[in-house]
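Student: The following block contains a protein sequence and its predicted model.
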Amino acid sequence: MEECLVEYFRTQMRTDPDMASAVAAIRTLLEFLRRDKGETILGLRESLKWATDCLTEVDSSVAVSSGGELFLRFISLTSLEHQDLSRCKKVMEERGELFLEKISLSRTKVAKLCHTFIKDGAKILTHSSSRVVLRVLEKAAAEKKRFTVYVTESQPDTAGKQMADALRRLNVPVTVVLDAAVGYVLEKVDLVIVGAEGVVESGGIINKIGTYQMAVCSKAHNKPFYVVAESFKFVRLYPLNQQDVPDRFKYKADTLRTVSDLSDEHPMIDYTPPSLITLLFTDLGVLTPSAVSDELIKLYL
Amino acid sequence: RGVPYQTVTLIHQSMVKRLPEHVQVDDPAVVKRLAKKLERQQIPLRSDYGYKVSLFSHLHQYSRKAPLTQLLSIPSTVIHPSIVRLGLQYSQGIVAGSNARSVALLHAFKQVIRDYTTPPNEELSRDLVNKLKPYISFLNQCRPLSASMGNAIKYIKKEISNIPSQCKEEEAKTKLLTCIDRYIEEKIVLAAKAISKYAIEKISDGDVILVYGYSSLVNNILCEAFEKSRKFRVIVVDSRPRLEGREALRRLVQRGISCTYVLISALSYILPEVSKVFLGAHALLANGYVMSRVGTSQIALVARTYNVPVLVCCETYKFCERVQTDSFVSNELDDPDDLMVTRKGKTQLENWQDVSSLGLLNLVYDVTPPDFVDLVITDLGMIPCTSVPVVLRVKNLDQ
């Protein structure tokens, strides 16, 4: 059962590399719901929770775990008072499809909100490779705006180079800079846009390692620091500092499985506190970091 | 000129909110109005004591040596004896701490309700509320009401007015008593359990936790965490003249938690060792400011400079709709004689009243801005300080 689930998830990721891992996870969960032969609603929820846990073992990013939890809440946030279990399941499936449809459109909504903040002639700094940021820049380029982009190389997986290739295909002038050169290049840029793997309750974000550094430097230079994220990335964590982020998000899933002493491993993500973020662009609207908690309370309570 | 004065004031009354009288003590008209009201309710007026520092002259300042009960006739026909006892306990500082005061108030009200009989031709729902008004004025004179007490009183008044008129007296009284018990159980006892559950997630092994003064909630959390075998040590910071930290220290050491004790003047010396700061709150205001014992904002400020996370623990029943940005507008002035200390047989400030240019200021509360607070732990979960109005909105929807 587990291998079937994981295989489906991997296939989804392979067929559409542009899709967010959380969306693939939600598609998998929906398929799991369709195929589930449970007898009770409670049993169904338990098996969905188990399925989400399985998926987090494959891909340990924050978005998969938050997306799974939000999916579960969304489909159960309706009256399940029907006598017949199959009717309840049908209702849940319909809501699941609705949820999936909503989040597939979320990147477009974010791009529509954010591209107006990119003025003609702007110089943008971004970190590593984010598909949401790419979509925003695509929209801005489609609106005939001229801008240049600086991308950090983002070790250890040099994901920044992929971002640079994608931007070159859009005919956007792009420069790849070293992670260590962020402070050097900041005086030339007008704004900083990054994606997020997770948005936490305080309004801060969890993203690829190096984001916190970039945020601190942009604060020191008084440059606006914008974050673009879809709403399914909102997660019920509240880290107080870097150490407080749970280990299961910091390292890749294979590392967590194979390595016993994590102090030698390098974390893949870091936490950026809300005081360093200017605005967050989500499909729920343009939010200040303090408004994120408001939205989270609405989503989760 | 053609519009009569009464109509003008009526229009204004609906738009302008009146300032509470306890922050307008320097306005003689307001004091006169208060004296008239107390005379009507047959409660003696407590007079202010000593020279008041000019910035705080709009607040009351009473002396502990002149309790209100000395001016009362015994037996008092107007005020229930358990309320008299409660008022004395408040003014002498025997019952202190916002949770303790609220619980004592609710227990006293339970006694009042038990001894209450509806007079003929009166309805319980209206008469009982009117009976409670002089008690509340009396308690206010003994010691200004805290925000938690204010919310508790609002709840009781609402419950009493919602009693249907056809309800029999015994039934109504039992109903009210169960309501009060449920309020205490839900908002204070169970809330403390929920808050401990969230707070324990934030305490990791090897932590050095700083606490200030005595907060029943923070003590509860630390004791629970210790029982769940978390390895941590505590630094208790204390300040004069109340020295409440000693009580906290006593209770923690009794459990076996290793503690250090410092006075607030040693704060910047001790902070580099600290990994987290846990603070209690007296009230959380609608703009996200935290009202707590004087000295709390100092701790939060210095902790922020050292990048130490500051966590405030507060139950939701202490959230109030008031907005305050500084500690001057609304505060409490305690007995200035508390600041006098006798060392080696000499009391330097003994005759402070004779020195015309000398004023003693004993503030009780101060207000901490939300930028210094990293996290607020409530029974609804962990929220940032700026989300207090969201919680208030959600609570109002529930009601």
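Tutor: Structure's in. What do you need? Residues are numbered from 1 along each chain as shown, chains lettered A, B, ... in the order given.
Student: As a check, name the ranges of all helices in chain B.
Tutor: In chain B, the helices defined using DSSP state H lie at B:5-15, B:28-40, B:81-91, B:98-115, B:124-142, B:147-161, B:169-183, B:191-201, B:216-227, B:245-255, B:267-270, B:296-305, B:388-398.
Student: Who are the packing partners of the fourth one?
Tutor: Using 3 or more C-beta pairs under 8 Å, 6 or more residues apart in numbering or on different chains; DSSP states H and E, the elements in contact with helix B:98-115 are helix B:81-91, helix B:124-142, helix B:147-161, helix B:169-183, helix B:216-227. Where you see a C-beta, it was placed from the backbone N, CA and C, and this is true even at glycine.
Student: centre of the chain versus the third one, how much separation?
Tutor: Taking the mean of its C-alpha atoms, helix B:147-161 sits 14 Å from the chain's own mean (C-alpha atoms, centre = their mean, to the nearest Å).
Student: Just give the number of residues close to the residue of the stretch 1-150 of chain B found nearest chain A.
Tutor: The nearest approach of the stretch 1-150 of chain B to chain A comes at B:Ala147, 22.2 Å away (C-beta to the nearest C-beta). B:Ala147 has 22 neighbouring residues, counting by other C-beta atoms under 10 Å in any protein chain shown.
Student: quick one, what contacts it?
Tutor: Shown in contact with B:Ala147 (C-beta atoms under 8 Å, 6 or more residues apart in numbering or on different chains): B:98, B:282-283, B:291, B:318, B:320, B:322.
Student: low-confidence ranges in the chain?
Tutor: No chain specified, so I'll use chain A. Along chain A, segments meeting pLDDT under 70 span A:78-83, A:300-301.
Student: right idea, wrong chain: chain B
Tutor: Along chain B, the parts satisfying pLDDT under 70 run over B:1-17, B:75-76, B:398-399.
Student: At the contact with chain A, which residues of it appear?
Tutor: B:202, B:276, B:307, B:309, B:311, B:371, B:374-375, B:380, B:382-384, B:386-387, B:390-391, B:394 (C-beta under 8 Å from any C-beta of the partner chain).
Student: Walking through the stretch 101-250 of chain A, point out its helices one by one.
Tutor: A:106-114, A:131-142, A:159-169, A:182-185, A:211-220, A:247-250 (DSSP state H, counting those that start in this stretch).
Student: burial measure for the residue nearest to B:Leu34 when sequence neighbours are not counted, as a count.
Tutor: Of all residues not flanking B:Leu34 in the chain, B:Glu21 sits nearest, at 5.1 Å (C-beta to C-beta, 6 or more residues apart in numbering or on different chains). The local packing of B:Glu21 (other C-beta under 10 Å) involves 15 other residues.
Student: B:Glu21 contacts B:Ala29, correct?
Tutor: No - in this structure, B:Glu21 is not within contact of B:Ala29 by C-beta atoms under 8 Å, at 10.2 Å.
Student: So B:Thr118 versus B:Pro164, what's the distance?
Tutor: B:Thr118 is 14 Å from B:Pro164, where distance means C-beta to C-beta, to the nearest Å.
Student: Among these two, which residue is more densely surrounded?
Tutor: Applying other C-beta under 10 Å to B:Thr118 and B:Pro164 shows that B:Thr118 carries more neighbours, namely 15 against 10.
Student: Now do the contacts for the residue nearest in space to the middle of chain A.
Tutor: In chain A, the C-alpha nearest the mean C-alpha coordinate belongs to A:Glu197, at 3.5 Å (C-alpha atoms, centre = their mean). A:Glu197 sits next to A:61-63, A:205-208, A:233, A:269 when contact means C-beta under 8 Å, 6+ apart.
Student: Reformat the residues you listed as TSV; add neighbour count and distance to chain B.
Tutor: Below are those laid out as TSV (neighbours: other C-beta atoms under 10 Å in any protein chain shown; distance: C-beta to the nearest C-beta, whole Å):
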residue	neighbour count	distance to chain B
A:Ser61	22	21
A:Val62	27	17
A:Ala63	25	21
A:Ile205	30	14
A:Ile206	26	16
A:Asn207	26	19
A:Lys208	21	23
A:Lys233	27	18
A:Ile269	23	19
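Student: Now distance to B:Ser268 too, for those, in JSON lines please.
Tutor: What follows is those, written out as JSON lines (distance: C-beta to C-beta, whole Å):
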{"residue": "A:Ser61", "distance to B:Ser268": "40"}
{"residue": "A:Val62", "distance to B:Ser268": "36"}
{"residue": "A:Ala63", "distance to B:Ser268": "41"}
{"residue": "A:Ile205", "distance to B:Ser268": "32"}
{"residue": "A:Ile206", "distance to B:Ser268": "32"}
{"residue": "A:Asn207", "distance to B:Ser268": "34"}
{"residue": "A:Lys208", "distance to B:Ser268": "36"}
{"residue": "A:Lys233", "distance to B:Ser268": "39"}
{"residue": "A:Ile269", "distance to B:Ser268": "33"}
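Student: Excluding chain neighbours, what is closest to B:Arg251?
Tutor: In space, and not counting its chain neighbours, B:Arg251 is closest to B:Asn219: 5.7 Å by C-beta to C-beta, 6+ apart.
Student: And for B:Asp207?
Tutor: Closest residue in space to B:Asp207, ignoring its immediate chain neighbours: B:Phe232 at 4.2 Å, by C-beta to C-beta, 6+ apart.
Student: where's B:Ile163 relative to B:His80, distance?
Tutor: 19 Å.
Student: Also A:Gln162?
Tutor: Separation of A:Gln162 from B:His80 (C-beta to C-beta) stands at 77 Å.
Student: Give me the more crowded residue out of the two.
Tutor: Taking other C-beta under 10 Å, A:Gln162 and B:His80 do not tie; B:His80 has more neighbours (20 against 15).
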